[in-house]
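>>> Here is the input, now give the coordinates:
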Amino acid sequence: MFKVQCEGELHILSRQVNFTGLKEFVRGSFRKVPQSFQLYYYDSEGDKIELTSDDDLTILYQLMGKSEKIYVEKLGVQEI
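Sure, this is the predicted structure:
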């Protein structure tokens, strides 16, 4: 199970999907989805890990606890 957050909105993805399926879930579930976006999560050490492929998502499935939060961020926005 993943919690997916975009622009302050939160949805739960309760099924396992591939990377394309995750992007389709984001586009179909949120009202304010940036045209170009990146997906990421924070690991147990607090590092920001970008999701860019099926391989990245597979690693997240292997490492996750009961639930993880995936963040959706407009491309070009950098954290300060």
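>>> Name the helix or strand for the spatially most central residue of the chain, please.
Nearest residue to the geometric centre of the chain (CA atoms, centre = their mean): Ile70, 3.2 Å. Taking DSSP states H and E as the criterion, Ile70 maps to strand 68-74.
>>> go on, Arg15?
Per DSSP H and E, there is no helix or strand for Arg15.
>>> ok, so what distance separates it from Phe37?
21 Å (CB to CB, to the nearest Å). For every residue, glycine as well, the C-beta is placed using N, CA and C.
>>> okay, those two: which has more neighbours?
Phe37 (18 against 8; other CB atoms under 10 Å).
>>> Assess the claim that the more buried one and Lys74 are in contact.
Yes. Counting by CB atoms under 8 Å, Phe37 does reach Lys74; the two are 5.7 Å apart.
>>> just to revisit the earlier point, show me what the strand holding Ile70 is in contact with.
Strand 68-74 is contacted from outside by 2-7, 13, 22, 26, 30, 33-34, 36-42, 51, 60, using CB atoms under 8 Å, 6 or more residues apart in numbering.
>>> go again using 7 Å as the cut-off
Residues outside strand 68-74 that contact it (CB atoms under 7 Å, 6 or more residues apart in numbering): 2-6, 26, 33-34, 37-41, 51, 60.
>>> Taking those together, which two end up most distant?
For the contacts of strand 68-74, the maximum inter-member distance is 21.1 Å, found between Pro34 and Leu60 (CB to CB).
>>> What sits closest to Lys3 if chain neighbours are left out?
In this structure, Lys3 finds its nearest non-sequential neighbour in Lys69, 4.4 Å apart by CB to CB, 6 or more residues apart in numbering.
>>> which residue packs closest to Asn23, ignoring adjacent ones?
Just so we're on the same page, residue 23 is Lys rather than Asn. Lys23's closest residue in space is Leu39 (CB to CB, 6+ apart), at 7.4 Å.
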